[in-house]
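Asker: build me a model:
(3 chains)
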Amino acid sequence: MKSTVPTLIATIVGVVLIVAFFVPATQSWSETAVDWFNILAGVAFILGGGNLIKVQLETISSRRPGWGYALVILVSFAIMLTVGLLKIGVPPAEQYPNHPWSGEYDAPASAFGWIFENVYNPLTSTMFALLAFYVASAAFRAFRAKNIEAMLLLGTAFIVLLGNTAIARLTDGIPDSLSFLRLDQVVANTMSYITTGAFRAITIGIAIGVAATALRVLLGIDRPYLGRT
Amino acid sequence: MLAFLEKLDRRWVFLLMGLAVAIPILFPLPFEYKPSALARSVFDEIDRLPDGSRVLFSFDYDPATSGELSPMARAMLYHCGKKKHKLYVMALFGPGKTLGSEAIQEILLKYAGDDYTYGEDYVELGYQTGNEGVIKVAVTDLPQMFPTDVRGTPLSKIPVLEGVENFQAMDLLVAVSAGDPGSKQWIQYFISAYPKTRMVTGTTGVQSVSLYPYIPNQLAGMLGAIKGAAEYETIVNAKYPGPDGKPVPELTEAQRRMGPQLTAHLLMVSLIVVGNVVYLMGRRKAHQSGGGR
Amino acid sequence: MREIRIPPSQAIVAGALAFALAALAVAAPPPPTNVVAEDNPWDDGSALRVTWTSDGTDVAAWRIRRTLGEEERRQQRERHQIEAAAQAYATALAAAKAAGQAPEDATQAATAAAQAAATKAGGDTLDPFMFVGIAGASDRSFVVEGLDGESSYVVSVEPRGADGGYGEAAISAEAQPAQQLFRGDRLWFGIMLFGVIAMILGCVVAARNGVKMRIRRIAGLDAIDEAVGRATEMGRPVLFIPGIQDMDNVQTVAGVTILGRVAKTAAEYDATIEVPTARSLVMTACQDVVQSAYYEAGRADAYNPDTIRYITDEQFGFAAYAAGRMVREKPATCIYMGQFYAESLLLSENGNAVGAIQIAGTGETSQLPFFVAACDYTLIGEEFFAASAYLSREPLQMGSLMGQDMGKAMVMLLVVIGVICTTAGALGSGQAQAIADFLANNVLKS
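Answerer: Numbers count the residues shown, from 1 in each chain, chains lettered A, B, ... in the order given. Here you go, the predicted structure:
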């Protein structure tokens, strides 16, 4: 019983989603199923938030290595939660000028908006920008001409890297009859034909893999949601 | 020297990359960009629609990728503004809502403010949780997913939404996308099922590779990374220059950012070459020492 | 400068000609005939199909308009009344203030004026038609979408001349869209989907009946035991990241399934497994899966739920935590299985820097190059989805894998047929071109 009901729910919802795609009369059922998932995922945040607080508090109280970071997590969490829930500094909405809490919690003039703009924005941009450094070190370490395939990969990388910069303009002098040799054209053709062909093949394999995985879940062969896999 | 390079601390690589990016930011490198066919097709798709067509504009990115995506989003928004298209602005990423509002204030209302009144010519639908579920529902029932706009007004009371029951009423979808949910989900759950609405996208360099297979059937055009944005800025500035007849200052941002990209790519190529020289020399050395044994 | 003189007779002829041309230029194109609106077949009841006939003289395009549905009419009326009321309110308020009335009296007067204006506007005649779209000059049909199945509609077809002016419109009789049982435009998609499902089911049944299935070696999966064993030897943890998406993502489902196998190996080898997650639901699913694995391995006492923790939904916040954790804890093995984006390289480069054995698997094609560059083993696309079957070797799982391969063979066959027909079509074979067109316009467009 403990495992039958969840399996049944998974199977029924899965079948409904497939059927709703083809049968107009059942279209609203799939919308309802999506709404249910969103509600569950929203409520599940309480579990996640609780877990986060519990684990970080334990780290701090037992003074484990790196407990200072746990403290940063908790303080940041508390600040964002308070500022967002209490709508600190939120100006009233245009339609309700006499109601101080009527504005959006993340309005630019609010404390939440200020933190978003001046703390969150630079932090996430910095994390993303780190990729430039990691790409360089990974390229230096991993791109080795060990065999024919690796050499082909290297050659393609050079062409695409250079073709995506202003250097590609150096080949503009190549006559129109041989325009396919211009660097930007070589890049465009590499991306449009060679890369796209390879990606299509991988994508088709993935699509069928997704269908098979979904079917395994629907049939109860894989049941990751039950702890039995 | 070989020993140093073989065991090179990656922090040296980081330092070089830092310099390669920082120097052209401090001393800009001016270049002109020749528009590619893909950038041209994005422009044509927005331009060929009759003035006042319905355009769904989705800001599916966050501050992390805004450096790469904001210039193209702003250029496309400016272009839509010049065409007086009705704009339905939304986001599949939470922070995208704020980024979209900023772009509207700083570009649309600044350069096409006379033609745009909130509620009559454009509406901000904002962000809803649910990832691709948002698309799946709003494709058939918009008010169920977005009961109100960002100002709390019910959709039924907003004139620009008259006759718009769902996304199928849109003439064009412009999705500026950093990942999932984004362009791929728009294609899977909206454009593939309702191909009457055309779609163009702007995306990061990394993501663009996986979107090529959808061109030209599902995707009419694509701007890939900062280069795509620079090309698009060139076309838009040529046809719709600023009030003084010069390029719009905000629409030169991508072209400016191409300088650091050039030096960073050159460094990458150099690093790969050096890495391979070190590898080959090391292999020869190992071969020679092995032969002497 | 030489002056050009035109004789009077020629001037008269030229004038008459110019007049005739001008008359021609402004002559409105004739209206279409036989305008018929009827239900668009095999759809969800939200569209009408309008057809018309015309000899096409002087028509540059067709403007399609339709009447409003019941709900739309109500909304239109409501908006009209609100606009009228708002305008009357503003005018009356300004007039009352100018006349020196007290603010309360001015507001009262303005409110009364607004109410009166709204009532009056309720009786106004409003435009019954709204714009739907433009059809090309050669088109003789148009599908009007986004309709309400409860309302009836009249569709208007208006010719547009070369000068941009519109000719007389012709309207259809009233028609109501109807919902059919099945979406006909998705027929081929359905056939292919159920074809793949049938193959997978067939192979599962065959496997259940004892048909032996073979599977090729996948180095990345063979390395899992060795990688977990290394963690035990070094006394360091195994870090498993099931992607950064929620449980509604198939890649997360596949990742969590693989986690079960890895956790069982970890329990048997007495290695610690750490699972940071970016979604709350994924955390609970992972806790259940790891707990079950420990039970199966007979090590229920060693299970520690605190090693499976929720960090944040925020992509780079999660990446920062995981990277920091790697640098501090120096895991011996890092396994990434699920949906990853830009954080893939941030994680795997840090894993590489601390000397961990790294195994990755994802269906996110754009991140595959990064994993390939930074990890020791990478499961590419379908290998990742085959992992649970490969690791379990259960007949049912293997059967589904076989079905998956047969589905792929079906797609390959279609691709080959398409390529041959398109090539033959380009070389002049009409029949081959017809097949290629059928595949492109019907089978693939569904």
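Asker: need the strands for chain B, in chain order.
Answerer: B:54-60, B:86-91, B:122-127, B:172-177, B:198-203, B:221-224 (DSSP state E).
Asker: would you turn those strands into TSV with mean neighbour count?
Answerer: To be clear about C-beta, it is placed using only N, CA and C from the backbone, and glycine gets the same treatment. Listed next are the strands of chain B as TSV, based on neighbours: other CB atoms under 10 Å in any protein chain shown:
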stretch	mean neighbour count
strand B:54-60	27
strand B:86-91	25
strand B:122-127	23
strand B:172-177	27
strand B:198-203	27
strand B:221-224	26
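Asker: the longest helix seen in chain A: which residues count as buried?
Answerer: Determined from DSSP state H, the single longest helix within chain A is helix A:27-61. Within helix A:27-61, the residues that count as buried by 16 or more other CB atoms under 10 Å in any protein chain shown are A:27, A:30-31, A:33-34, A:37-38, A:41, A:44, A:48, A:51-52, A:55-56, A:59-60.
Asker: other SSEs contacting that helix?
Answerer: Counting contacts by 3 or more CB pairs under 8 Å, 6 or more residues apart in numbering or on different chains; DSSP states H and E, helix A:27-61 is packed against helix A:4-22, helix A:67-85, helix B:132-138, helix C:280-296, strand C:308-310.
Asker: re the thing from before, can you tell me which of the buried residues of helix A:27-61 is nearest chain C?
Answerer: Chain C lies nearest to A:G48 out of the buried residues of helix A:27-61, by CB to the nearest CB, at 2.9 Å.
Asker: let me know whether that closest one touches C:R279 as I believe.
Answerer: Yes. Applying CB atoms under 8 Å, one finds A:G48 in contact with C:R279, separated by 7.3 Å.
Asker: quickly list what's touching both of these two.
Answerer: C:Y310 (CB atoms under 8 Å, 6 or more residues apart in numbering or on different chains).
Asker: and the helices in the stretch 301-446 of chain C?
Answerer: With DSSP state H, counting those that start in this stretch as the criterion, the stretch 301-446 of chain C has helices at C:315-329, C:343-353, C:368-374, C:382-392, C:395-426, C:430-438.
Asker: chain B too?
Answerer: B:2-6, B:10-26, B:37-48, B:63-82, B:94-103, B:109-112, B:132-138, B:142-145, B:183-186, B:205-211, B:225-239, B:253-292.
Asker: would you turn the ones you listed into JSON lines with mean neighbour count, distance to C:L427 and mean pLDDT?
Answerer: Shown next, in JSON lines, are the helices of chain B (neighbours: other CB atoms under 10 Å in any protein chain shown; distance: least, CB to CB, whole Å; pLDDT from 0 to 100):
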{"stretch": "helix B:2-6", "mean neighbour count": "12", "distance to C:L427": "55", "mean pLDDT": "78"}
{"stretch": "helix B:10-26", "mean neighbour count": "15", "distance to C:L427": "51", "mean pLDDT": "92"}
{"stretch": "helix B:37-48", "mean neighbour count": "20", "distance to C:L427": "27", "mean pLDDT": "93"}
{"stretch": "helix B:63-82", "mean neighbour count": "25", "distance to C:L427": "41", "mean pLDDT": "93"}
{"stretch": "helix B:94-103", "mean neighbour count": "22", "distance to C:L427": "49", "mean pLDDT": "91"}
{"stretch": "helix B:109-112", "mean neighbour count": "18", "distance to C:L427": "51", "mean pLDDT": "92"}
{"stretch": "helix B:132-138", "mean neighbour count": "24", "distance to C:L427": "42", "mean pLDDT": "86"}
{"stretch": "helix B:142-145", "mean neighbour count": "19", "distance to C:L427": "48", "mean pLDDT": "86"}
{"stretch": "helix B:183-186", "mean neighbour count": "26", "distance to C:L427": "35", "mean pLDDT": "94"}
{"stretch": "helix B:205-211", "mean neighbour count": "22", "distance to C:L427": "32", "mean pLDDT": "86"}
{"stretch": "helix B:225-239", "mean neighbour count": "23", "distance to C:L427": "36", "mean pLDDT": "92"}
{"stretch": "helix B:253-292", "mean neighbour count": "16", "distance to C:L427": "42", "mean pLDDT": "85"}
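Asker: just send these back as TSV, with distance to B:L125 too.
Answerer: Output for those, formatted as TSV (distance: least, CB to CB, whole Å):
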stretch	distance to B:L125
helix B:2-6	54
helix B:10-26	36
helix B:37-48	20
helix B:63-82	15
helix B:94-103	9
helix B:109-112	17
helix B:132-138	9
helix B:142-145	8
helix B:183-186	15
helix B:205-211	23
helix B:225-239	24
helix B:253-292	26
